[in-house]
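> Next come a sequence and a model predicted from it.
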Amino acid sequence: MLSALAARLSHLKGRRRLALGVLLGVVAAGALPPLYLVPLLIPAFVGLVWLMDGATTRSAAFGLGWAFGAGYFLAGLYWVGIAMTVDFAAFWWFLPIAVGGLSVGLAIFTGGATLAAWSLGWHGPGRIFLLTAAWLTAEWLRSWVLTGFPWNLVGSVWSFSDIMLQPAALGGVWLLSVLTLLAATAPATLIDRGVGLRRWGVTIAAYGLLLLAAAGGSLRLGFAPPTGEPAVPDLRLRIVQPNIAQETKWQRELRLQHLRDQATLSMSPGWEEITHVIWPETAVPFLLDRDSDLLDELGQLARPGTVFLFGAPLRNSEADDSRGPDTLVYNSVLALQQNGEIAARYDKFHLVPFGEYVPFRGLFGMDKITGGRRDFTPGPGLRTLEIPGLPAVGPLVCYEVIFSGRVVADIRPNWLLNLTNDAWFGTSSGPHQHFATARLRAVEEGLPLVRAANTGISAVIDPYGRTVVRLGLNSKGVIDAALPEPLTETPYASLGRWFLLPIILLLLIAGLLLGRPKKAPPAD
């Protein structure tokens, strides 16, 4: 039966092949947060392999991977379009471009992966290893090309499991992607010629590696202290989640009320024990560098020794003789003491295209989606901040947390702080996927991560990726928690993405050894 199905798929041509490729990509997206239907990856990737078995030209091999990727990204990133509905009258026309354009653009990477794998020798069980190597390379490339967008890497499908997250401490999300892709594609070899263990060999090996990873993760957690322990002494955090709708967040007549609501939440029962209060990204919707009175008023909220950490836009004016004064606007994180003094500042450096700045502005003729006509200016880069009463912290604003291996400055912090505003994306999959990515970064770096999100999901995550405490999506309230202690530097934190090179080489060697040479592909 499997052989008949494989033969039928491999003989599909033209639009039917591409349509099925798109459908299989949509199926694969069902494994992503928040659904986590991981078994769906097996029919999706097995179907992709069997369709590729029938590819006879380079364009067919590329087109199939592109179609699969288009379906995968369209189903996994549909929520990007919800941001356009916040000001639908102004940005309705950009919604299909944002979702469709992003999906088909990212699909170029998956098309390149299938083309590369097919070109290297698409025969025998070796094709499974070649596809995994090529797919992993494509995921790495899209993590930095054109500023990068490594959202929904295949390894992120395990974010629901504390046990399965643990291998990320060794090889990051990339190791999880390798294990997942091998397990998802290996059953395609069951229709290959051979009997007994020879036919089942690749599948047994792939699932053996997955079980080994699970056993290792279970063992690591078995020797770990209880969730959230040990904690930094004499430190009590309060994370404020105001749950302010994006439609009203920047309305001039409501901005002061939003601040008062956050202040009221901050000083709710238990306030006397709090040493540090954390508000989300752009929680203060005013330019504080232009409003010293407001800065002083905010400082009065704090008791002696208490520090407020929050996001706010800031402006700096720099004179340029050739152009005159230019005003630079930053998306910043501030640490504010009782006297209104800014104890530390971090400026977001990895800005969201079209959200915080418009690339090729003359071509698109549009303003950025966030408020204000002026583009944000990128900060100088990752920093480790020293804040009174706190261990050294690595701040990350919004999607800066999605870049594996690029969340820690040269001076290693003791914890990570992620301020974000996912209100743009409502109750969609987006906030869940963002939260899952934050958990992966904690495991990779061996650092606790504190997350303050306007509408959720706010949480404290320990260095094993376990959620100590959280406040769900679209809830209003506070989280009071201790700050977990960090672990010693993990292997992945030491090696970073250098881990990828030997893994890709091993996969290529296995693919070439287990594959069978084929004739040169015909010209397209």
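Okay, I see it.
> those helices in the stretch 351-500 of the chain, which residues are they?
Taking DSSP state H, counting those that start in this stretch as the criterion, the stretch 351-500 of the chain contains helices spanning 361-364, 429-445, 491-495, 500-514.
> Hmm, I typed the wrong one, I wanted the stretch 151-300 of the chain.
162-165, 168-185, 196-222, 246-249, 255-266, 292-301.
> Now do the third one against helix 429-445, angle only.
The one in question is helix 196-222. Angle of helix 196-222 versus helix 429-445, following axes from the mean of the first three to the mean of the last three CA atoms, to 10 degrees, is 80 degrees.
> what's the average pLDDT for helix 196-222?
Averaged across helix 196-222, pLDDT comes to 91.
> what's the answer for the fifth one, then?
Per-residue pLDDT values over helix 255-266 give a mean of 90.
> how about it: buried residues?
Buried positions in helix 255-266, judged by neighbour count with 16 or more other CB atoms under 10 Å: 255, 258, 259, 261, 262, 263, 265, 266. The way it works is simple: take the backbone N, C-alpha and C, and place the C-beta from them, glycine included.
> about what we covered before: so which of the helices of the stretch 151-300 of the chain gets nearest residue 401?
helix 168-185 (12.2 Å; CB to CB).
> so what secondary structure elements neighbour the closest one?
The helices and strands touching helix 168-185, judged by 3 or more CB pairs under 8 Å, 6 or more residues apart in numbering; DSSP states H and E, are helix 41-53, helix 126-141, helix 196-222, helix 429-445, helix 491-495, helix 500-514.
> Out of those, which is closest to residue 89?
Closest among those, once you apply CB to CB, is helix 429-445, at 22.2 Å.
> Tell me how confident the model is about that closest one, as a mean pLDDT.
Mean per-residue pLDDT for helix 429-445: 97.
> before we move on, what about stretch 181-190?
Average pLDDT, stretch 181-190: 95.
> Quick one: residues in contact with that stretch.
Under the contact criterion CB atoms under 8 Å, 6 or more residues apart in numbering, stretch 181-190 has outside partners 2, 6, 41-42, 44-46, 48-50, 125, 128-129, 131-132, 135-136, 154, 199-200, 202-203, 205-207, 209-210.
> Could I have the buried ones of the residues you listed as ChimeraX selection syntax?
In ChimeraX, this line selects whichever of the contacts of stretch 181-190 come out buried by 16+ other CB under 10 Å:
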select :6,41,42,44,45,46,48,49,50,125,128,129,131,132,135,136,154,199,202,203,205,206,210
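> re earlier: would TSV of the helices of the stretch 351-500 of the chain with distance to residue 341 and mean neighbour count be doable?
As requested, the helices of the stretch 351-500 of the chain are exported to TSV (distance: least, CB to CB, whole Å; neighbours: other CB atoms under 10 Å):
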stretch	distance to residue 341	mean neighbour count
helix 361-364	37	10
helix 429-445	30	25
helix 491-495	33	17
helix 500-514	44	16
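> For residue 141, find the nearest of the ones you listed.
Among these, the nearest to residue 141 by CB to CB is helix 500-514 (10.7 Å).
> Alpha carbons only: can I get that closest one in CSV?
What follows is helix 500-514 as a C-alpha-only set of coordinates in CSV (Å, rounded to 0.1, in the frame of the first residue of the first chain):
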residue,chain,number,x,y,z
LEU,A,500,26.1,23.6,12.9
LEU,A,501,29.1,23.1,10.7
PRO,A,502,30.2,19.6,11.9
ILE,A,503,26.5,18.5,12.1
ILE,A,504,25.8,19.5,8.5
LEU,A,505,29.1,17.8,7.3
LEU,A,506,28.1,14.6,9.1
LEU,A,507,24.7,14.6,7.5
LEU,A,508,26.2,15.2,4.1
ILE,A,509,28.7,12.4,4.5
ALA,A,510,26.0,10.0,5.6
GLY,A,511,23.8,11.1,2.7
LEU,A,512,26.5,10.6,0.1
LEU,A,513,27.6,7.2,1.5
LEU,A,514,24.1,5.9,1.8
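> relative to helix 126-141, how tilted is it?
For helix 500-514 against helix 126-141, the angle by the same axes, to 10 degrees is 160 degrees.
> thinking again about what came up before, can you check which of the helices of the stretch 351-500 of the chain gets nearest to residue 338?
Nearest of these (CB to CB): helix 429-445, 30.0 Å.
> Go ahead and confirm residue 147 touches residue 352.
No - look at residue 147 against residue 352 with CB atoms under 8 Å: they stay out of range, at 9.1 Å.
> Between these two, which has more neighbouring residues?
residue 352 (21 against 12; other CB atoms under 10 Å).
> wait, what's in contact with that one?
Taking CB under 8 Å, 6+ apart as the test, what residue 352 contacts is 398, 399.
> end to end, how far does stretch 279-296 reach?
Separation of the first and last residues of stretch 279-296 by CA to CA, to the nearest Å is 17 Å.
> contacts for it?
Contacts for stretch 279-296 (CB under 8 Å, 6+ apart): 240-242, 249-250, 255, 258-259, 262, 266, 298, 308-316, 331, 334, 336, 340, 342, 397-398, 419-421, 452-454, 458.
> Now intersect those with the strands, please.
Cross-referencing the contacts of stretch 279-296 against strands under DSSP state E gives 240-241, 308-316, 331, 334, 336, 342, 397, 419-420, 452-453, 458.
> ok now do residue 2, which residues does it touch?
190, 191.
> now it: how far from residue 46?
Relative to residue 46, residue 2 is positioned 9 Å away (CB to CB, to the nearest Å).
> cool, residue 112 as well?
Per CB to CB, residue 112 is found 21 Å from residue 46.
> again, but for residue 484
The value you get for residue 484 to residue 46, if CB to CB is used, is 41 Å.
> one step back: I would like a ChimeraX command selecting only the buried ones among the contacts of stretch 279-296, please.
Of those, the buried ones go into a single ChimeraX selection, burial set by 16+ other CB under 10 Å:
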select :240,241,242,249,250,255,258,259,262,266,298,308,309,310,311,312,313,314,331,334,336,340,397,398,419,420,421,452,453,454,458
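> the bottom helix or strand of this protein by mean pLDDT?
The weakest-scoring helix or strand in the chain, judged by mean pLDDT, DSSP states H and E, is helix 361-364 (a mean of 61).
> re the thing from before, for residue 80, which of the helices of the stretch 351-500 of the chain is the nearest?
Between the helices of the stretch 351-500 of the chain, helix 429-445 lies closest to residue 80; by CB to CB that is 7.4 Å.
> who are the neighbours of the closest one, in terms of helices and strands?
By 3+ CB pairs under 8 Å, 6+ apart, helix 429-445 packs against helix 162-165, helix 168-185, strand 415-420, strand 449-453, strand 458-461, helix 491-495.
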